[in-house]
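> Model the following, please.
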Amino acid sequence: MEVLTKTIVKKIIIFLAILGLSFFNVNAAKDKPSTAEYLEDNYQKNKRLADQGNAYAQLKIHENYLLGVVVESDLEKAIFWLKKSAESGNATAQKRLGDSYKVGEPKGYISEDQLKAVEWYKKSAQQGNEMAQYQLGRMYLHGSTIPKDFSESFKWLKKSSDQNIRPASKFYIAMLYESGDVTFKKDAKKSSEWLRKSADQGYADAQFFLGLNYMLGSGVLENRKKTVYWYKKAVAQGHPGAQYALSMFYDRGWVVDKDYSEAFRLRTLASDQGEDEAHGALAGMYIYGVGTNKDMSKAKGLIEKAFESNNIDIRDRAAKTWKEFELWKY
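Okay, the predicted model is just below:
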């Protein structure tokens, strides 16, 4: 077999990541003598069936050419067989082809085309492919590449949610109810109900937003103890928004005992992950020596990070702090 160039290998690995496959696992398996004969025999059987129009066999031949199993890796042939399988009605192939068109990968073989992505996702989703249903629902929700349509988004996210595979589907349904539009009625109570379903399944964004709803009394009765409970759940998963939000509770002594050291720890975690609000708050702790030792140099660095925020209020507060404490001196 011809040695693959680094460029081709990189394209294959990127494409595999998009499809949720692994280059290394399959290649490790194909190098085992005990499996070589099986792989060869399987390829020959699938090739005969693929030539006869069998959609599943066509998908497997696509994987052979994509991964370089039995045959030499060939992205052009891999895409050829993927399209064949999708056109023959295989839901997995249709979803993968949708993925390819959505991001325009592999480059040089597939051009980005959001309308084609939607077309293939729909074909797959209509056959019950959960991931295609989820992707389709998100595309209609965000409306960045196709017209926004909350009713259509709900239709597909609900189908995805009903399969109970990914809690993210429930989270995005909550976002639909949170925002609402002309096609979909806003409902804070239903939003919180869907957040709870997603949060119970461990989805960190849902845990954070549910905590926020308890803080604001949006769709639920205001309950700061429950806010802390859900923020802690999200923090345990490294959620930067929850880290910063929970730091405020320890800083102010809301529900929990006031603990500046814990507030400092949480703000550091949030700031390290790029949470804009955390930069200025953490800088203040270094300026005053609260929860940590006073360090104007570190405060300066954090305010410089705050200047990079897209949020004008954060930038304005950073400018005031910069001027008030003459941080340019440090």
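> Give me the spatial nearest neighbour of residue 305, chain neighbours excluded.
The shortest distance from residue 305 to any non-neighbouring residue, by CB to CB, 6 or more residues apart in numbering, is to residue 279 (4.5 Å). For every residue, glycine as well, the C-beta is placed using N, CA and C.
> Hmm, residue 227 is touching residue 212, no?
Yes. Taking contacts as CB atoms under 8 Å, residue 227 lies within contact range of residue 212: 7.3 Å.
> Comparing those two, which residue is more hemmed in?
Neighbours per residue, other CB atoms under 10 Å: of residue 227 and residue 212, the larger number sits with residue 227, 22 against 18.
> Need the contact partners of the helix or strand hosting that one.
Assigned by DSSP states H and E, residue 227 belongs to helix 224-235. Helix 224-235 is touched from outside by 199, 204-205, 207-208, 210-212, 214-215, 220, 241-243, 245-246, 249, 254-256, 266, with contacts defined as CB atoms under 8 Å, 6 or more residues apart in numbering.
> Give the next helix or strand downstream of it.
helix 240-252.
> Tell me how far that next one lies from the chain's centre.
Mean C-alpha position of helix 240-252 versus that of the full chain (CA atoms, centre = their mean, to the nearest Å) differs by 23 Å.
> Which strands or helices does that helix pack on?
Applying 3 or more CB pairs under 8 Å, 6 or more residues apart in numbering; DSSP states H and E, one finds that helix 240-252 contacts helix 204-216, helix 224-235, helix 260-272, helix 276-288.
> now the ones you listed in a markdown table, with mean pLDDT and distance to residue 129?
A markdown table is the format used below for the helices and strands packed on helix 240-252 (pLDDT from 0 to 100; distance: least, CB to CB, whole Å):
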| stretch | mean pLDDT | distance to residue 129 |
| --- | --- | --- |
| helix 204-216 | 99 | 23 |
| helix 224-235 | 99 | 29 |
| helix 260-272 | 99 | 37 |
| helix 276-288 | 98 | 37 |
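> so what's residue 219 up against?
Shown in contact with residue 219 (CB under 8 Å, 6+ apart): 187-193, 213.
> are any of the contacts of helix 224-235 buried, and which?
Among these, those that count as buried by neighbour count (16 or more other CB atoms under 10 Å) are 199, 204-205, 207-208, 210-212, 214-215, 220, 241-243, 245-246, 249, 266.
> just for the protein, where's the confidence low?
For the chain, residues meeting the criterion pLDDT under 70 lie at 1-34.
> State the helix or strand in which the nearest residue to residue 66 once chain neighbours are set aside lies.
Using CB to CB, 6+ apart and skipping residues adjacent in sequence, the residue nearest residue 66 is residue 78, 3.9 Å away. Taking DSSP H and E as the criterion, residue 78 maps to helix 75-87.
> Can you tell me what sits against the host helix or strand of residue 151?
Under the criterion of DSSP H and E, residue 151 resides in helix 150-162. By CB under 8 Å, 6+ apart, the surrounding residues in contact with helix 150-162 are 125, 128, 130-131, 133-134, 136-141, 166, 169-170, 172-173, 176, 179-181, 183-184, 197.
> now stretch 292-300
Against stretch 292-300 from outside (CB under 8 Å, 6+ apart): 261, 264, 283-288, 325, 327-330.
> Now the buried members of those.
Buried subset of the contacts of stretch 292-300 (neighbour count, 16+ other CB under 10 Å): 264, 283-287, 325, 327.
> Got the phi and psi for residue 184?
Torsion angles at residue 184 (phi, psi; degrees, to the nearest 10) stand at phi -150, psi 120.
> In contact with it, which residues?
Counting by CB under 8 Å, 6+ apart, residue 184 makes contact with 150-151, 153-154, 176-177.
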